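Peer 1: this one's structure only:
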Ligand code: ATP
């Protein structure tokens with residue numbers, strides 16, 4: 001029996017402390033237990049691995065609980081699915097699955113689940129490259145199970161379904177196929193690719209949550225831009241929603257060749273440094289979809305159900321992208337008055353997308369400096385001077401802020417003088 005122990009013991013691929021976790025799982029197993037799927041695939045590709053999906057041919061929940069009893073940690077379980085998560089600490093967990101088979105009673109619906117052996121568990125998987133398992137229990141530690149020749153497809157770089165109904169059973173697998181293909185520089189097998197057109201009609205049956213999850217996973221990938229372009233080639237974007245026409249096949253920052261996709265992390269870090277932070281995933285959704293109109297975004301939202309926060313930023317960014325040229329010719333205070341009505345994150349993305357040097361410069365100065373420039377005096381000072389409560393407070397404070405922004409006021413004395421002037425005039 002072939003063993004992959006030599007790869008598991010390579011610290012460049014698997015850290016020693018994680019290998020120890022697998023050894024403990026193996027030593028405690030009373031039934032055959034395997035680490036499966038992505039772990040084995042990436043191990044064979046010699047990519048760093050750390051996440052474990054353990055399939056047990058016995059009760060996986062009881063197994064995870066026995067490990068927690070022996071080695072500590074917490075277990076959460078889903079009795080209906082026979083799955084458990086063993087949290088060794090805050091940052092480290094292992095997934096346990098009771099070996100099962102799945103029956104699809106309707107196309108694109110969720111399957112009925114039945115406990116089974118590893119051989120059957122393997123057959124429910126998406127692609128041959130994900131069907132490998134490494135046995136962990138007893139003396140079998142490190143032995144490979146390759147029932148359907150997954151290793152050969154990994155070597156050849158082929159993404160292949162296990163049977164011709166696979167995409168009809170679960171059309172999300174089409175998006176997964178593209179993700180693996182572009183992640184590893186693989187190719188979707190010709191016969192597998194031929195199964196896609198028939199399954200496209202079923203994409204509309206997928207819930208918003210399932211289809212958005214697939215797109216979220218794609219946007220989380222370093223090669224997200226290649227995946228989006230490939231989805232468009234295969235007509236898999238407009239099948240989600242007509243707003244995702246081929247025009248939206250590329251993440252717009254690339255369309256406009258503004259910065260290289262590989263430099264995106266630098267752009268994100270730079271924004272982080274100036275206090276504009278957002279998850280990379282949201283950042284990419286914004287880069288990709290902000291060029292859509294508000295109406296298209298609202299319609300798309302009925303299909304993809306974005307989080308309320310992301311939707312708010314998309315709408316704000318879409319509006320600003322259209323109106324940003326109004327900034328040219330505006331004084332700094334007028335720019336600030338205008339930009340303060342948009343969400344900061346969307347201003348930041350419009351800054352990245354904009355190609356007009358003058359407007360870009362204004363957006364840059366707003367993000368780095370103008371937005372922080374405020375009057376030194378506050379409402380407390382105005383109250384001390386007997387200004388009655390009401391809208392006058394904001395009016396006076398804004399006039400002082402605008403004077404600082406436009407260089408009319410340059411020090412505290414000038415600010416105090418302006419305040420006197422404003423109070424005399426206004427009161
Ligand atoms: P990744 O590196 O993207 O995390 P992974 O292989 O670990 O890849 P998961 O999404 O964590 O992928 O899924 C774990 C395993 O479950 C996969 O290896 C695959 O065999 C199986 N799987 C996941 N989604 C599906 C699906 N829709 N249909 C069939 N099998 C699936």
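Peer 2: Happy to help now that I have it. Just so we're clear, the structure is a prediction, and the values are computed from it rather than from any experiment. Numbering: from 1, shown residues only.
Peer 1: Over to residue 61. Which of the three states is it?
Peer 2: State at residue 61, reduced to three classes by DSSP: H, G, I helix; E, B strand; the rest coil: helix.
Peer 1: close to the ligand, is stretch 171-191?
Peer 2: Yes: residues of stretch 171-191 contacting the ligand under CB under 6 Å from any ligand atom: 172, 173. Where C-beta positions appear, they are placed from N, C-alpha and C, glycine not excepted.
Peer 1: Before we move on, what's the pLDDT of the residue of the stretch 301-427 of the chain found nearest the ligand?
Peer 2: For the stretch 301-427 of the chain, the residue closest to the ligand is residue 304, as judged by CB to the nearest ligand atom, at 18.2 Å. Predicted confidence (pLDDT) for residue 304: 97.
Peer 1: Run through the residues that contact it.
Peer 2: For residue 304, the contacting residues are 208, 211, 212, 215, 240, 241, by CB atoms under 8 Å, 6 or more residues apart in numbering.
Peer 1: Tell me, how many residues neighbour residue 408?
Peer 2: Residue 408 sits with 14 neighbouring residues when counted by other CB atoms under 10 Å.
Peer 1: Give me the phi and psi angles of it.
Peer 2: The phi and psi values for residue 408, taken as degrees, to the nearest 10, are phi -80, psi -30.
Peer 1: mind listing what it touches?
Peer 2: The neighbours of residue 408, taking CB under 8 Å, 6+ apart as the test, are 402, 414, 418.
Peer 1: ok, now residue 77?
Peer 2: Residue 77 neighbours (CB under 8 Å, 6+ apart): 61, 64, 65, 83, 84, 85.
Peer 1: Next up, the contacts around the fifth one.
Peer 2: Right, the one you point to is residue 84. Residues near residue 84 by CB under 8 Å, 6+ apart: 60, 61, 63, 64, 65, 75, 76, 77, 78, 95, 96.
Peer 1: Just the buried subset of the contacts of residue 408, please.
Peer 2: Neighbour counting by 16 or more other CB atoms under 10 Å classes 402, 418 among the contacts of residue 408 as buried.
Peer 1: Can you name the helix or strand that the closest residue to residue 339 other than its chain neighbours falls in?
Peer 2: Spatial nearest neighbour of residue 339, excluding adjacent residues (CB to CB, 6 or more residues apart in numbering): residue 366 at 5.1 Å. Here residue 366, judged by DSSP states H and E, is contained in helix 357-368.
Peer 1: Pull out the buried positions in that helix.
Peer 2: 359, 360, 362, 363, 365, 366, 367.
Peer 1: okay, now the closest residue to residue 379 other than its chain neighbours: neighbour count?
Peer 2: Leaving out its chain neighbours, the residue that sits closest to residue 379 by CB to CB, 6+ apart is residue 393, at 5.3 Å. For residue 393, the count of nearby residues is 15 (other CB under 10 Å).
Peer 1: hang on, residue 393 in a helix?
Peer 2: Yes: assessed by three-state DSSP, residue 393 belongs to a helix.
Peer 1: Let me see the contact set for it.
Peer 2: With CB under 8 Å, 6+ apart, residue 393 has these contacts: 379, 382, 387.
Peer 1: ok so, going back, sitting in helices, which of the contacts of residue 408 do you find?
Peer 2: Members of the contacts of residue 408 lying in helices (criterion: DSSP state H): 402, 414, 418.
Peer 1: Can you give me the distance of the second one to residue 404?
Peer 2: This means residue 414. 9 Å (CB to CB, to the nearest Å).
Peer 1: likewise the last one?
Peer 2: Here residue 418 is placed at a distance of 9 Å from residue 404 (CB to CB).
Peer 1: before we move on, the earlier item: can I get the contacts of residue 408 in TSV with pLDDT?
Peer 2: As requested, these are exported to TSV (pLDDT from 0 to 100):
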residue	pLDDT
402	97
414	95
418	94
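Peer 1: what's the closest of the contacts of residue 408 to residue 288?
Peer 2: When those are compared for distance to residue 288 (CB to CB), residue 402 wins out at 35.6 Å.
Peer 1: so that closest one touches residue 333, yeah?
Peer 2: Yes: counting by CB atoms under 8 Å, residue 333 is a contact partner of residue 402 at 3.5 Å.
Peer 1: The nearest residue to residue 31 once chain neighbours are set aside and the ligand: what is the separation?
Peer 2: Spatial nearest neighbour of residue 31, chain neighbours left out: residue 58 (3.1 Å); criterion: CB to CB, 6+ apart. As judged by CB to the nearest ligand atom, to the nearest Å, residue 58 and the ligand stand 19 Å apart.
Peer 1: Could you give the number of residues near residue 58?
Peer 2: Residues contacting residue 58 under the criterion other CB under 10 Å number 16.
Peer 1: Please give me every residue in contact with it.
Peer 2: Contact analysis of residue 58 by CB under 8 Å, 6+ apart lists 30, 31, 32, 98.
Peer 1: Secondary structure class of it, three-state.
Peer 2: Classification of residue 58 by three-state DSSP places it in coil.
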